[in-house]
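1. Compute the structure for the input listed below.
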Amino acid sequence: KEELKGQDLIKLFMKTDDYKLRPDPEKVKAYVKNLAAKYDTFKGTRDFNATGIGPVRISGGIYGWSTEISKTSDELLKALEERKDKVLTPAYKTVAQSRKVDDLGNSYIEIDIARQNAWLYRDGNLILETKVVTGNTNLGNGTPTGTHKIWSRERDRFLTGEDYKSFVNYWLPINWQGVGLHDASWRKDFGGDIYLTRGSHGCINIPSNLMPKIFENTFIGMPVVVYDSAKQKLPANENGS
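-> Residues are numbered from 1 along each chain as shown. Next comes the predicted model:
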């Protein structure tokens, strides 16, 4: 919550030629930009408490709060012109599940590339844990780390690329470059170092018998945290442990 009053409020006004005060659109926009810089988390850096190993630091991804500067500025300008007390909620381009410092909420999917493992949490409870196969790093198809989100939930479709066309029963895209979670009926084995030589084109392959349960426990906007604990785990002197 931010409260505009006193000198902070007056600073958003300008004097007119007839010595009256009116809101200054440029100052209002600058104020909103400062709020966005303070509170937005979209494509930002987060310290995430990884299952079983403690804090890891993750950057990027399409999850988080992103303020719509122009629309929010217009709303604030209008409120200032009305000269009345008013509570405003910023307009957002993208939203997260929580407004706390940790904006993930307590329902999310966690994937560790190093351990080739995924965890699904719903309302703070561990619903499912499974071995996975991520992108083939030797071919430059490594699964991108970051805080992503499920932006669509689809059934029975073909995933296509330059050299493949694969049918999947469940498809949960998590970024805007074609990476997502899906069942992989063509695989018998998961986990270990399979991804280094026989990994995917970037997607997270899930055992076919577990994908239905994952699908039914997800929702649009659900965070998907992808990290590589071999590279991103914080040392003890940084995480306070």
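2. Mind listing residues that contact stretch 165-183?
-> Stretch 165-183 is contacted by residues 61-62, 109, 118, 135, 143-144, 146, 148-161, 184-186, 202-208, 211-212, 214-215, 218, 224, 226 when judged by C-beta atoms under 8 Å, 6 or more residues apart in numbering. The way it works is simple: take the backbone N, C-alpha and C, and place the C-beta from them, glycine included.
3. what is the rounded mean pLDDT of that stretch?
-> Across stretch 165-183, the average pLDDT comes to 95.
4. Give me the buried positions along stretch 2-14.
-> Leu12 (16 or more other C-beta atoms under 10 Å).
5. how far out from the middle of the chain is it?
-> Offset of stretch 2-14 from its chain centre (C-alpha atoms, centre = their mean, to the nearest Å): 33 Å.
6. Same question for stretch 193-210.
-> For stretch 193-210, the distance to the chain centre is 22 Å (C-alpha atoms, centre = their mean).
7. and that stretch, C-alpha only, in PDB?
-> C-alpha atoms of stretch 193-210 as PDB (Å, rounded to 0.1, in the frame of the first residue of the first chain):
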ATOM      1  CA  ASP A 193      21.300 -38.400 -17.000                       C
ATOM      2  CA  ILE A 194      19.000 -39.300 -19.900                       C
ATOM      3  CA  TYR A 195      18.500 -35.600 -20.800                       C
ATOM      4  CA  LEU A 196      22.200 -35.200 -21.600                       C
ATOM      5  CA  THR A 197      22.000 -37.500 -24.600                       C
ATOM      6  CA  ARG A 198      18.400 -38.300 -25.200                       C
ATOM      7  CA  GLY A 199      16.700 -35.300 -23.800                       C
ATOM      8  CA  SER A 200      13.700 -33.400 -25.300                       C
ATOM      9  CA  HIS A 201      13.700 -30.400 -27.600                       C
ATOM     10  CA  GLY A 202      13.300 -28.300 -24.500                       C
ATOM     11  CA  CYS A 203      10.000 -29.500 -23.000                       C
ATOM     12  CA  ILE A 204       9.600 -31.300 -19.700                       C
ATOM     13  CA  ASN A 205       8.600 -34.900 -20.400                       C
ATOM     14  CA  ILE A 206       6.400 -36.500 -17.800                       C
ATOM     15  CA  PRO A 207       5.500 -40.200 -17.300                       C
ATOM     16  CA  SER A 208       2.200 -40.900 -19.100                       C
ATOM     17  CA  ASN A 209       0.600 -42.500 -16.000                       C
ATOM     18  CA  LEU A 210       1.200 -39.400 -13.900                       C
END
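8. May I have the residues that are in contact with Asp102?
-> Per C-beta under 8 Å, 6+ apart, neighbours of Asp102: Arg46.
9. quick one: it is in a strand?
-> No: per DSSP: H, G, I helix; E, B strand; the rest coil, Asp102 lies outside any strand segment and is coil.
10. Can you pull the phi and psi angles for it?
-> Phi and psi for Asp102, reported as degrees, to the nearest 10, are phi -90, psi 100.
11. how close does it get to Gly60?
-> Asp102 sits 17 Å away from Gly60, taking C-beta to C-beta, to the nearest Å as the criterion.
12. about what we covered before: among the contacts of stretch 165-183, name the ones in helices.
-> Counting by DSSP state H, the contacts of stretch 165-183 place Met211, Pro212, Ile214, Phe215 in helices.
13. could you redo those residues as JSON lines and give each row neighbour count and pLDDT?
-> Shown next, in JSON lines, are those (neighbours: other C-beta atoms under 10 Å; pLDDT from 0 to 100):
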{"residue": "Met211", "neighbour count": "22", "pLDDT": "98"}
{"residue": "Pro212", "neighbour count": "13", "pLDDT": "98"}
{"residue": "Ile214", "neighbour count": "21", "pLDDT": "98"}
{"residue": "Phe215", "neighbour count": "20", "pLDDT": "98"}
